[in-house]
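S.K.: Here is my input; please provide its structure:
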Amino acid sequence: MVFETERCFLRPMNRKDKKDLHRLCDDVNVWRFLGGQGTAEHMRKKIKFIGFIPISNRWSVRLKSDSSFLGEISLTPHHDGNDIEISYLFLSDNWGNGYASETVRSVVPYAFKMKKLNRLVAETQTANLVSCKVLEKLGFHRIKTLTRFNAEQALYAIDSSTVQAFSSKPEP
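M.R.: So this is what the prediction gives:
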């Protein structure tokens, strides 16, 4: 599935994204709220996981204007084993431009429709105030706070009725 927003397009990850994923994993700011810089071994596993075929639940986010890599969005099983989690990582040079809100907004309705979910979750460190604000802007609500990865985390959720309401509204 390919998504298109006003400024971006999202396409399934593939082996052509290897160099860009290395840049994402080398961006120290990206890992500040994710338990610190990823190790070389973690990076190899992540790249190997992509392999040679497109991954349908993980997207490369790119600018329409020049196809430059901005980041990634994924839908994966959450740590609790009961939910699907939406995650997003953007190169720090692209922060503050609204790309996360714009692109996550396009994937959330797809997650509900194609995965037939009752709810979708997202987890972020409570110290990552910007990510918390993005999720709240999109209609996610905090359902609990917990400690994981040696840091306080906020678990957010959104249900299908909220998604129906925001997917019919234009981006503010």
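
S.K.: What residue, apart from its backbone neighbours, is nearest I158 spatially?
M.R.: Once flanking residues are discounted, I158 sits nearest to F140: 4.6 Å by C-beta to C-beta, 6 or more residues apart in numbering. The way it works is simple: take the backbone N, C-alpha and C, and place the C-beta from them, glycine included.

S.K.: A127: neighbouring residues, count only.
M.R.: 13 (other C-beta atoms under 10 Å).

S.K.: my guess is it contacts L34, does it?
M.R.: No - the criterion here is C-beta atoms under 8 Å, and A127 misses it with L34 at 11.2 Å.

S.K.: Helix, strand or coil: sort out the residue minimising distance to the centre of the chain for me.
M.R.: By C-alpha atoms, centre = their mean, the chain has its centre lying nearest to Y88, at 1.9 Å. In three-state terms, and counting by DSSP: H, G, I helix; E, B strand; the rest coil, Y88 is strand.

S.K.: and the residue nearest to it when sequence neighbours are not counted, what helix or strand is that in?
M.R.: Nearest non-adjacent residue to Y88, counting by C-beta to C-beta, 6+ apart: I73, 4.7 Å away. If you go by DSSP states H and E, I73 is part of strand 69-77.

S.K.: Pretty sure P12 is one of the things W59 touches, is it not?
M.R.: Yes - between W59 and P12 a contact is recorded at 6.1 Å, counting by C-beta under 8 Å.

S.K.: The two: which has the busier surroundings?
M.R.: Legend: neighbour count by other C-beta under 10 Å for W59 and P12, higher for W59 (28 against 16).

S.K.: Pull the residues that contact the longest helix seen in the chain.
M.R.: Identified as the longest helix of the chain according to DSSP state H is helix 99-115. For helix 99-115, the external contacting residues (C-beta atoms under 8 Å, 6 or more residues apart in numbering) are 1, 3-8, 10, 59, 61, 70-71, 73, 75, 84, 86, 88, 90, 117, 120, 131, 134, 137-138, 158, 160, 163, 166-167, 171.

S.K.: After that helix, which helix or strand is next? Please name it.
M.R.: Next helix or strand after helix 99-115 toward the C-terminus (DSSP H and E): strand 119-125.

S.K.: now for that next one, which elements pack on it?
M.R.: Other helices and strands packing on strand 119-125, by 3 or more C-beta pairs under 8 Å, 6 or more residues apart in numbering; DSSP states H and E, are strand 84-90, helix 99-115, helix 129-137, strand 151-159.

S.K.: Quick check: which of those is nearest to V28?
M.R.: Closest approach to V28 among those (C-beta to C-beta): strand 84-90, 12.8 Å.

S.K.: so what's the backbone phi/psi at L146?
M.R.: phi -150, psi 170 (degrees, to the nearest 10).
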